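[1] from the sequence below, what's the structure:
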Amino acid sequence: QVQLVESGGGLVQPGGSLRLSCGFSSTYSLQAMGVHTMGWYRQYPTKRRELVATISFLSDTGDTRYADSLEGRFTISRDNAKNTVHLQMNSLKPEDTAVYFCYAGLPDAGYWGQGTQVTVSS
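    Presented below is the predicted three-dimensional model:
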């Protein structure tokens, strides 16, 4: 059984920052479960879930991937000791308002968190 516990969402003014965190919880460690990727996706009302950022657990360097639309405003990082992935979001815009979902990719399945609301509004 795998659980992804998200935190850090909320209301922020345009230009502000938020940091989302996602903790991986299982009977076995993240490494023992074979997690190869973790990341964040977001979903707007009536739209499909879209990629925000991912980070690889297959290498020490933690290769990252970002949506082109972010223009360098977001940074994904991992804390191997705490089985946690963070998403630092800076210079937030109203169009970043969405539900953000954490994702973990394992060899045989993908898992999703419950989602956390991010609202950017004055």
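[2] now do Gly72 against Ala32, distance only.
    From Gly72 over to Ala32 the distance is 34 Å, taken as Cβ to Cβ, to the nearest Å. C-beta coordinates here come from the backbone N, C-alpha and C atoms, glycine included.
[3] how about Gly105?
    Separation of Gly105 from Ala32 (Cβ to Cβ): 15 Å.
[4] these two: which is more packed in?
    Legend: neighbour count by other Cβ atoms under 10 Å for Gly105 and Ala32, higher for Gly105 (17 against 9).
[5] can you pull the pLDDT of that one?
    You'll see Gly105 listed with a pLDDT of 95.
[6] what sits against it?
    The contact partners of Gly105, by Cβ atoms under 8 Å, 6 or more residues apart in numbering, come to Val35, His36, Thr37, Met38.
[7] would you confirm that Thr64 contacts Leu51?
    No. Under the criterion of Cβ atoms under 8 Å, Thr64 makes no contact with Leu51, lying 11.6 Å away.
[8] the spatially closest residue to Gln3 that is not a sequence neighbour: neighbour count?
    Take Gln3 and drop its neighbours on the chain: the residue closest to it by Cβ to Cβ, 6 or more residues apart in numbering is Ser25, 4.2 Å away. A count of nearby residues for Ser25, using other Cβ under 10 Å, gives 11.
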